[in-house]
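Participant: Build me a model from this:
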Amino acid sequence: METIESKFPELLTFSEDLAHVDKAARVSVETIQKSLRQMDANINNLETDLKNTKQPQEDDDKFSEVMGVSFSGMSLLFSLR
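Facilitator: Residues are numbered from 1 along each chain as shown. From the prediction side, this is the model:
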């Protein structure tokens, strides 16, 4: 126990990290895969929308600018899965 306390103090709270494991175990792989497919479809739709709205609709239209930045980050995160 002394070794854990001195060298690996983060392990002292390991059991707290497991608090939601029982609930997470109830989610089926199929449900997760379905959600990921839906997210992928939504990302593809957003990408299409961004390509189609390169020209601002009004002078203060920032859709493409704002969503383009958000899309880049989201696309990167989604590609890491």
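Participant: Would you mark the buried spots in the lengthiest helix in the chain?
Facilitator: Secondary structure of the chain per DSSP state H: the longest helix is helix 29-52. Neighbour counts using 16 or more other Cβ atoms under 10 Å place L46, L50 of helix 29-52 among the buried residues. Glycine gets a C-beta too; all of them are placed from N, C-alpha and C.
Participant: So which elements touch it?
Facilitator: Secondary-structure packing of helix 29-52 (3 or more Cβ pairs under 8 Å, 6 or more residues apart in numbering; DSSP states H and E): helix 63-79.
Participant: average model confidence for the helix it packs on?
Facilitator: Across helix 63-79, the average pLDDT comes to 65.
Participant: thought F63 was touching N52?
Facilitator: No - assessed by Cβ atoms under 8 Å, F63 is found out of contact with N52, at 10.8 Å.
Participant: quick revisit: then the longest helix of the chain to PDB, C-alphas only?
Facilitator: This file holds the C-alpha atoms of helix 29-52, laid out as PDB (Å, rounded to 0.1, in the frame of the first residue of the first chain):
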ATOM      1  CA  VAL A  29     -22.500  -2.700 -29.300                       C
ATOM      2  CA  GLU A  30     -25.200  -2.400 -31.900                       C
ATOM      3  CA  THR A  31     -26.600   0.700 -30.300                       C
ATOM      4  CA  ILE A  32     -23.200   2.300 -30.300                       C
ATOM      5  CA  GLN A  33     -22.500   1.300 -33.900                       C
ATOM      6  CA  LYS A  34     -25.900   2.700 -34.900                       C
ATOM      7  CA  SER A  35     -25.100   6.000 -33.100                       C
ATOM      8  CA  LEU A  36     -21.700   6.200 -34.900                       C
ATOM      9  CA  ARG A  37     -23.300   5.600 -38.300                       C
ATOM     10  CA  GLN A  38     -25.800   8.400 -37.600                       C
ATOM     11  CA  MET A  39     -23.000  10.700 -36.500                       C
ATOM     12  CA  ASP A  40     -21.100   9.800 -39.700                       C
ATOM     13  CA  ALA A  41     -24.100  10.600 -41.800                       C
ATOM     14  CA  ASN A  42     -24.600  13.900 -40.000                       C
ATOM     15  CA  ILE A  43     -21.000  14.900 -40.500                       C
ATOM     16  CA  ASN A  44     -21.300  14.000 -44.200                       C
ATOM     17  CA  ASN A  45     -24.500  16.200 -44.400                       C
ATOM     18  CA  LEU A  46     -22.700  19.100 -42.700                       C
ATOM     19  CA  GLU A  47     -19.700  18.700 -45.100                       C
ATOM     20  CA  THR A  48     -22.100  18.900 -48.000                       C
ATOM     21  CA  ASP A  49     -23.900  22.000 -46.500                       C
ATOM     22  CA  LEU A  50     -20.600  23.700 -46.000                       C
ATOM     23  CA  LYS A  51     -19.500  23.100 -49.600                       C
ATOM     24  CA  ASN A  52     -22.800  24.400 -50.800                       C
END
